[in-house]
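# generate a structure from the sequence data that follows.
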Amino acid sequence: MSIAKNLLSLKAKLPDHVTLVAVSKTKSNEEILEAYNSGQRVFGENKIQEMVQKWETLPTDIQWHMIGHVQRNKVKYMAEFVNLIHGVDSLKLLIEINKQAKKYNRKISCLLQMHIAEEDSKFGLDKSELEVILKSEELQQLENVKIEGLMGMATFTNDKIQIRKEFNQLKSIFDELKDQIPEVSILSMGMSGDFIIAIEEGSTMVRIGSSIFGSRN
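Numbering: from 1, shown residues only. As a prediction, the model looks like this:
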């Protein structure tokens, strides 16, 4: 199957309100261009240096999403162009993103990453940490970041009941957030293996790599 055909069959499964982030980490410019020429404009990377190299050489209307864990000292490299940062898991990181965005006179969109999986290795906030950030005075002063919603990853398991339960939990946190910040609209959950369940549970953005580009290089 070609990348173009993969994209076509994948998009047929996605409702109109769900944004597809094509996960292009480790993929070549040629592979990304094949997806681009099939109409895909949103790409997700998990290493900032790799994303910068691609941004410098690929078409300028691509929207770049940072979907990996973000180290504060690397924010400056992507502040000029990144469209959405998925994995924001601390107030300190938000403050750094705000500082770097200001240099380019930009407002950078961010998702707060919630920890919903049973695995310890995943990053993310728990509910009380989320509350602390939302209530903090510092957040009110950050004029160059915009919280657009939440992101989370389910446990890596074949147990669909558990995956559904975790996505359902994230959706209910998202609904509570929407009561506090009515303009939030993005719930980023679901990857190649579990995006159907994620969409059923209310996801508005899915991050898919292997179903488009084949297995990782």
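# on the three-state scheme, the spatially most central residue of the chain is what?
In the chain, the residue lying closest to the centroid (C-alpha atoms, centre = their mean) is His86, at 3.4 Å. The local conformation at His86, judged by DSSP: H, G, I helix; E, B strand; the rest coil, is strand.
# isn't it up against His69?
No - with contact defined as C-beta atoms under 8 Å, His86 does not count as touching His69 (9.8 Å). (Glycine included, C-beta is placed from N, CA and C.)
# can you pull out the strands in the protein?
With DSSP state E as the criterion, the chain has strands at 19-23, 42-45, 63-66, 84-88, 108-114, 145-152, 186-188, 205-208.
# I'd like those as TSV, with distance to Met78 appended.
Output for the strands of the chain, formatted as TSV (distance: least, C-beta to C-beta, whole Å):
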stretch	distance to Met78
strand 19-23	15
strand 42-45	9
strand 63-66	6
strand 84-88	8
strand 108-114	9
strand 145-152	13
strand 186-188	17
strand 205-208	17
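# where's the residue nearest to Leu150 when sequence neighbours are not counted relative to Ser210, distance?
Excluding its sequence neighbours, the residue lying closest to Leu150 (C-beta to C-beta, 6 or more residues apart in numbering) is Phe174, at 5.1 Å. According to C-beta to C-beta, to the nearest Å, Phe174 stands 26 Å off from Ser210.
# neighbour count winner among those two?
Phe174 (24 against 13; other C-beta atoms under 10 Å).
# who touches that one in this structure?
Contact analysis of Phe174 by C-beta atoms under 8 Å, 6 or more residues apart in numbering lists 149-150, 184, 187, 202.
# please redo it, this time with the cut-off set to 10 Å
112, 114, 149-152, 184-189, 202-204 (C-beta atoms under 10 Å, 6 or more residues apart in numbering).
# report the buried members of these.
Among these, those classed as buried by 16 or more other C-beta atoms under 10 Å are 112, 114, 149-152, 184, 186-189, 203-204.
# and which of the residues you listed is nearest Ala79?
The nearest member of the buried ones among the contacts of Phe174 to Ala79, counting by C-beta to C-beta, is Leu112 at 18.3 Å.
# count of neighbours near the nearest residue to Leu7 once chain neighbours are set aside?
Spatial nearest neighbour of Leu7, chain neighbours left out: Ser38 (4.9 Å); criterion: C-beta to C-beta, 6+ apart. Here the number of neighbours of Ser38 (other C-beta under 10 Å) works out to 17.
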